[in-house]
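sequence first, then the predicted structure:
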Amino acid sequence: MAIHNDRGKAGEKAAIQFLQEKGYEILDENWTFGKAEVDIVALHSNTIIFIEVKTRSSVAFGMPEDFVSLAKQRQLELASQAYIEIMDHQGEIRFDVIAVLLTKNNTFNINHIEDAFWPYT
């Protein structure tokens with residue numbers, strides 16, 4: 001596996017631990033629908049949260065959260081619609097981004113951005 005893939009998986013693992021410590025229930029990891037993938041699907045206060053995790057080892061080209069493109073947001077929206085239908089969820093939903101920055105001493109700085117964006121439909 002490429003180094004950037006290993007870094008991404010480590011960032012997702014750190015994000016899951018971070019969320020669990022905040023009282024979130026992890027429903028799914030790397031949930032896919034067609035070509036769309038949601039890194040983490042969590043439940044918190046009766047709200048299903050679809051979470052994109054971006055991990056970087058440097059901010060030289062921008063902050064990790066800057067890499068959640070409009071196209072990625074649309075893919076998350078598509079996947080979320082399928083998830084909601086499959087799970088017959090009638091409550092609130094939210095789209096979050098967790099930006100993970102790997103420091104030089106191999107620790108993670110985590111920035112949890114709640115309500116990072118809204119669906120376009």
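Sure thing, it's come through. Numbers count the residues shown, from 1 in each chain.

bridging residues for the residue positioned nearest the centre of the chain?
Nearest residue to the geometric centre of the chain (CA atoms, centre = their mean): Glu52, 2.1 Å. For Glu52, the beta-bridge assignment (DSSP bridges) gives partners Val97.

check what pLDDT the residue of the chain most remote from its centre gets.
Distance from the C-alpha centroid of the chain peaks at Asn105, with 23.7 Å (CA atoms, centre = their mean). As predicted, Asn105 sits at a pLDDT of 81.

show me where pLDDT drops low in this structure?
Filtered on pLDDT under 70, the chain yields the residue ranges 1-5, 120-121.

how about stretch 70-77: buried residues?
The neighbour-count check on stretch 70-77 (16 or more other CB atoms under 10 Å) flags Lys72, Gln73, Gln75, Leu76, Glu77 as buried. In short, each C-beta sits where N, CA and C put it, glycine included.

in JSON lines: these, plus distance to Glu25 and secondary structure.
JSON lines is the format used below for the buried residues of stretch 70-77 (distance: CB to CB, whole Å; DSSP: H, G, I helix; E, B strand; the rest coil):
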{"residue": "Lys72", "distance to Glu25": "24", "secondary structure": "helix"}
{"residue": "Gln73", "distance to Glu25": "24", "secondary structure": "helix"}
{"residue": "Gln75", "distance to Glu25": "24", "secondary structure": "helix"}
{"residue": "Leu76", "distance to Glu25": "19", "secondary structure": "helix"}
{"residue": "Glu77", "distance to Glu25": "22", "secondary structure": "helix"}
